[in-house]
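Asks: Dropping a prediction and its sequence here:
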Amino acid sequence: MTSTASDKRSDKKQTAAGKAVDTYLIRRLYFFLAPYKWHLLLALLLTLSVAFLGPLRPYLTQIAVDDYIAKGDAVGLGRIMLLFLGILLLETMVLIGNTYLMRWIGQGALYRLRNAVFEKIQSLHVQFFDKNPIGRLITRSTSDIEALNELLSTGVVNIIGDLFRIIFIIGFMLSMSWELSLVSLSVLPILVYATFWFKARVRVAFLNVRDQIARLHSFVQEHIGGMSIVQLYGRETKEKEKFEEINKDHTNAHIKTIFYFALFWPAVEVIASLAMALVIWYGSAQALAGQVTFGVLLAFIQYVRQFFVPIRDLSEKFNTLQSALASSERIFGVLDTKDEIPEPEHPGVPARKEGHIRFENVSFRYNADEEEVLKETDFEVKPGEIVAIVGATGAGKTTIINLLLRFYDVTAGRISIDGIDIRDMNQSTLRSYFGLVLQDNLLFAGTVMDNITLGNSNISRERVVHASKLMQADRFISKLPGGYMHRIAERGTSLSMGQRQLICFVRALVYDPTILILDEATSNVDSDTEYLVSKALDTIMKGRTSVVIAHRISTIQHADKILVMHKGRIRETGTHRELVTRTDGIYRRLYELQYRDQIKPVSR
C-alpha cells in the first residue's frame with residue numbers, strides 16, 4: 001500500500017471518529033436543553049417559517065414581472081406588492097420573536113451547565129486539584145462554557161433552518177426551470193470539496209486554541225496569586241518572557257484558524273460569483289431565445305444570491321460549532337471525572353457521636369510510583385482526648401489529617417471513627433464531625449458573618465458573637481466598620497494574618513465539632529494573641545476530641561498524648577513530660593533545638 005493511500009485511509013478514520021465524537025457531544029449537550037424541548041420545537045417551527053418566507057420573495061418577484069408588469073396590470077401589481085410587503089413584515093416579526101426565544105433558551109441551558117460544572121468541581125477529591133491547575137478549571141467554568149453560548153442559543157436550530165432554506169430555494173428553482181437550476185448548482189462539487197477541506201483542518205485548529213487559552217489562564221492565575229514573590233525576587237522580566245512565549249503560542253493558534261477562514265470565505269464568494277455568472281450567461285441566452293421569461297431570470301439571480309447566504313452562514317456556524325465542540329470536550333472531561341473517593345452503597349451511621357478515632361496499620365502514598373509517606377501507622381484517640389502530632393517537615397503529620405478527613409483514601413489499613421470505617425460513612429456525615437483550622441487560613445469575599453457561618457442559617461448571630469468572644473476575636477471584629485457585617489476582600493487580604501486566623505477559629509467553633517483539628521493553627525498570631533487563644537482553647541477542647549499539629553511547645557505541652565513522627569512512622573508516644581525526659585529521643589532533640597529558649601527544661 002502506498003503512503004498516499006495509507007494517509008487517505010487514516011484521514012477517513014479520523015473523519016469518522018470526529019463525526020462520532022461530534023454526535024456524542026451534541027447528544028450530551030441536549031441534556032441541558034431538555035427542559036426547554038417544547039420551546040425548542042416552537043423555535044424550530046419559527047425558524048422553518050423564516051426559511052420558507054425568504055425564498056418566497058423571489059418567487060413573488062417572478063410573478064410580478066411576468067404576470068403583471070409584462071401585461072401592464074397595475075392593479076394586480078399593487079396586490080402582489082402588498083402581499084410581498086406583508087410577507088416581509090411577517091418574516092421580520094417571526095425573526096425577532098425567534099431570536100429572543102433562542103437566546104432565552106440558550107441562557108437557561110448555560111445556567112444549568114455552569115451549575116453542573118461547579119457542583120462537580122466541588123465534589124471532586126483533593127487529589128484531582130493536585131493534578132489540575134486552578135487556571136485550567138477556571139477556563140472550564142467560564143470561557144469554555146461561554147464558547148457554547150452561540151451553539152446553544154442559535155447554533156443547531158439555525159443550522160437546520162439554513163439547510164431547509166437551501167432546500168426551499170432549490171425547490172423553487174426547480175419549479176421554474178430545471179435547466180437553469182442545474183447550471184446554478186453545477187458549482188456545488190467545488191463548494192463541497194472546499195467545505196470538507198476546511199472542516200478537517202479547522203477542528204484541529206480550534207482544539208489547539210482551547211488548549212492555549214487554558215494554558216494562558218493557568219499562567220496568569222498562578223502569577224497573579226504569587227505576585228509578591230515575583231516582585232520580591234525581581235523575576236518580572238523573566239516571567240514576562242515566559243508569558244510572551246505562551247501568549248505567542250496562543251496568538252499563533254488563533255492565527256491558524258484565521259488563515260483557514262481567510263481561505264474559505266473568499267473561496268465561497270468566488271464560487272457564488274461563478275454561479276451568478278453562469279446563470280446570467282446561460283439564462284440570458286435562454287431569455288433571448290424565448291425559452292425562459294425575464295421574470296424567471298430575475299428570480300434566479302435573486303435565488304443564487306440567497307443560496308450562498310446560508311452557505312456562508314453555515315460556514316460561520318461551523319466555526320461556532322467547532323469552537324463549541326472543542327470546549328464541550330473539555331467540559332465533559334471534568335463532568336466525567338471519576339471520583340476516587342466514592343460514597344458507600346450502604347453507609348454506616350454511628351449510634352452517637354463520641355469522636356473515638358483509630359488508625360489501624362495505615363499506609364499511604366500519594367501516587368502509585370512514589371514512596372509511602374505513611375507507613376504502618378497505629379494509634380488511638382479516645383473521646384475527649386487531646387492528641388498532638390509533632391515531627392520534622394515531611395514526616396507525615398498533615399497526611400494523617402488528610403486521611404482522617406478522607407480527602408484521600410488509605411493505601412492499606414483502616415481508619416475508623418466511633419467504630420465505623422470512614423470509607424463506610426457518607427462524606428457529609430464524616431465531615432460533620434470535624435472543625436478544622438489550618439495554618440493557611442482561607443476567607444472568602446463577603447462579610448465577616450458570612451465567613452464564619454458559611455451561609456448556614458441555623459447559626460444565630462448570638463452564637464457567632466459568643467464564639468468570637470471566647471476566641472478573643474470580638475475585640476477587633478467589633479471595631480471594624482459595620483462590625484460583623486464588615487465586607488472583607490478576597491482571601492481576607494484586608495485583614496492581618498492574625499485576624500484572619502482568629503476568624504477561622506471562630507468558624508470552627510460555631511459549628512460545635514465533635515473533633516477539633518488544629519494544623520499549625522496559632523502560627524500566624526502574635527505572642528499576646530496566642531496566649532489568649534491558648535487559654536480559650538483549653539476551655540474549647542475540654543470534653544472534645546482534639547488533634548493538634550504544632551511546632552510550638554506552648555500549644556502541645558498539656559496534650560494527653562503526643563505522637564512523634566519521623567519518615568512516615570510513629571517513633572515515640574507519650575506525654576510532654578515523658579518524652580522530654582528521654583535523653584536520646586527524637587522529641588527531646590526537637591525540644592532542645594527549637595524550644596529550649598521558650599520553656600524551662602522539665603525536671604527529672
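Replies: Thanks, I have it. Just so you know, these numbers come straight off a predicted model, no measurement behind them.
Asks: So what's the residue count around I549?
Replies: 24 (other C-beta atoms under 10 Å). In this view, the C-beta of every residue, glycine as well, is placed from N, C-alpha and C.
Asks: Same check on S49?
Replies: 16.
Asks: and the residue nearest the centre of the chain, what does it touch?
Replies: Central residue check for the chain by C-alpha atoms, centre = their mean: the C-alpha nearest the mean position is that of S141, 2.6 Å away. The neighbours of S141, taking C-beta atoms under 8 Å, 6 or more residues apart in numbering as the test, are 114, 117-118, 121.
Asks: 6 Å instead, please
Replies: Residues near S141 by C-beta atoms under 6 Å, 6 or more residues apart in numbering: V117.
Asks: M471 and R507 touch, don't they?
Replies: No - judged on C-beta atoms under 6 Å, M471 makes no contact with R507 at a distance of 9.7 Å.
Asks: Packing partners of the longest helix belonging to the chain?
Replies: Among the elements of type helix in the chain, defined by DSSP state H, the one spanning the most residues is helix 236-288. Based on contacts counted as 3 or more C-beta pairs under 6 Å, 6 or more residues apart in numbering; DSSP states H and E, the elements that helix 236-288 packs against are helix 178-185, helix 188-225, helix 294-335.
Asks: out of those helices, nearest to T92?
Replies: Evaluated over those, closeness to T92 peaks at helix 294-335, with 16.2 Å, by C-beta to C-beta.
Asks: Point out the other helices and strands that that closest one packs with.
Replies: Counting contacts by 3+ C-beta pairs under 6 Å, 6+ apart, the secondary-structure elements packed against helix 294-335 are helix 3-33, helix 37-63, helix 134-141, helix 143-146, helix 156-176, helix 188-225, helix 236-288.
Asks: May I see the ones you listed organised as JSON lines, with distance to N441 and mean pLDDT added?
Replies: Below are the helices and strands packed on helix 294-335 laid out as JSON lines (distance: least, C-beta to C-beta, whole Å; pLDDT from 0 to 100):
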{"stretch": "helix 3-33", "distance to N441": "37", "mean pLDDT": "59"}
{"stretch": "helix 37-63", "distance to N441": "47", "mean pLDDT": "88"}
{"stretch": "helix 134-141", "distance to N441": "18", "mean pLDDT": "76"}
{"stretch": "helix 143-146", "distance to N441": "30", "mean pLDDT": "80"}
{"stretch": "helix 156-176", "distance to N441": "47", "mean pLDDT": "84"}
{"stretch": "helix 188-225", "distance to N441": "15", "mean pLDDT": "75"}
{"stretch": "helix 236-288", "distance to N441": "27", "mean pLDDT": "81"}
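Asks: out of those helices, nearest to M485?
Replies: helix 188-225 (27.7 Å).
Asks: What does the pLDDT read for L83?
Replies: The predicted structure scores L83 at 90 on the pLDDT scale.
Asks: That one sits in which helix or strand?
Replies: Take DSSP states H and E as the rule and L83 turns out to sit in helix 74-123.
Asks: and the angle from that helix to helix 134-141?
Replies: Note on geometry: by axes from the mean of the first three to the mean of the last three C-alpha atoms, to 10 degrees, helix 74-123 and helix 134-141 are set 140 degrees apart in direction.
Asks: So for the following helix or strand past helix 74-123, what gets flagged as buried?
Replies: Under the assignment DSSP H and E, the closest C-terminal helix or strand after helix 74-123 is helix 126-131. Of the residues in helix 126-131, those buried by neighbour count under the rule 16 or more other C-beta atoms under 10 Å are 127-128.
Asks: which residues are contacting helix 126-131?
Replies: Counting contacts by C-beta under 6 Å, 6+ apart, the residues touching helix 126-131 from outside are F407.
Asks: That one - what's its average pLDDT?
Replies: Over the span of helix 126-131, the pLDDT mean works out to 76.
Asks: now swap in stretch 113-121 and tell me
Replies: Stretch 113-121 comes out with an average pLDDT of 87.
Asks: how far is that stretch from where the chain is centred?
Replies: Here stretch 113-121 is found 7 Å from its chain centre; the criterion is C-alpha atoms, centre = their mean, to the nearest Å.
Asks: Which residues belonging to it are considered buried?
Replies: Along stretch 113-121, these residues count as buried under the neighbour rule (16+ other C-beta under 10 Å): 113-114, 116-117, 120-121.
Asks: Could you export that stretch as PDB, CA atoms only?
Replies: As requested, the backbone C-alpha atoms of stretch 113-121 are provided in PDB (Å, rounded to 0.1, in the frame of the first residue of the first chain):
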ATOM      1  CA  LEU A 113     -24.400  23.700  32.600                       C
ATOM      2  CA  ARG A 114     -22.400  26.200  34.800                       C
ATOM      3  CA  ASN A 115     -24.200  24.800  37.900                       C
ATOM      4  CA  ALA A 116     -23.400  21.300  36.900                       C
ATOM      5  CA  VAL A 117     -19.700  22.000  36.300                       C
ATOM      6  CA  PHE A 118     -19.300  24.000  39.600                       C
ATOM      7  CA  GLU A 119     -21.200  21.300  41.500                       C
ATOM      8  CA  LYS A 120     -18.900  18.600  40.000                       C
ATOM      9  CA  ILE A 121     -15.700  20.600  40.800                       C
END
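Asks: what residue ranges in the stretch 501-604 of the chain score low on pLDDT?
Replies: When residues are selected by pLDDT under 70, those of the stretch 501-604 of the chain lie in 521-526, 528-530, 532, 552-554, 594-604.
Asks: What segments of it are strands?
Replies: Read by DSSP state E, counting those that start in this stretch, the stretch 501-604 of the chain holds these strands, from start to end of the chain: 515-519, 545-549, 561-566, 569-574.
Asks: is it possible to export the ones you listed to CSV including distance to L502?
Replies: Conversion of the strands of the stretch 501-604 of the chain to CSV gives the following (distance: least, C-beta to C-beta, whole Å):
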stretch, distance to L502
strand 515-519, 13
strand 545-549, 17
strand 561-566, 25
strand 569-574, 31
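Asks: Out of those, the one nearest R500 is which?
Replies: Closest approach to R500 among those (C-beta to C-beta): strand 515-519, 14.9 Å.
Asks: Which strand residues bridge V381?
Replies: V381 has these beta-bridge partners by DSSP bridges: I357.
Asks: Need the pLDDT of it.
Replies: Each residue has a pLDDT score; the one for V381 is 92.
Asks: Surely it touches V387?
Replies: Yes - using C-beta under 6 Å as the test, V381 is close enough to V387 to be in contact (4.7 Å).
Asks: Please give me every residue in contact with D474.
Replies: Residues touching D474, when contacts are defined by C-beta under 6 Å, 6+ apart, comprise S468.
Asks: mind checking pLDDT for it?
Replies: At D474, the model reports a pLDDT of 88.
Asks: can you put the helices and strands packed on helix 236-288 in CSV and add mean neighbour count and distance to D162?
Replies: Below are the helices and strands packed on helix 236-288 laid out as CSV (neighbours: other C-beta atoms under 10 Å; distance: least, C-beta to C-beta, whole Å):
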stretch, mean neighbour count, distance to D162
helix 178-185, 17, 16
helix 188-225, 17, 13
helix 294-335, 20, 4
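Asks: what about the closest residue to R569 other than its chain neighbours, neighbour count?
Replies: Leaving out its chain neighbours, the residue that sits closest to R569 by C-beta to C-beta, 6 or more residues apart in numbering is K375, at 5.2 Å. Here the number of neighbours of K375 (other C-beta under 10 Å) works out to 19.
Asks: And T92, by the same measure?
Replies: The tally of other residues near T92 (other C-beta under 10 Å) stands at 12.
Asks: Any figure for the gap between it and Y433?
Replies: Shown here: T92 relative to Y433, a distance of 64 Å by C-beta to C-beta, to the nearest Å.
Asks: How much space separates S457 from I488?
Replies: Separation of S457 from I488 (C-beta to C-beta): 20 Å.
Asks: The two - which one has more neighbours?
Replies: Higher neighbour count among S457 and I488: I488, with 21 against 6, using other C-beta under 10 Å.
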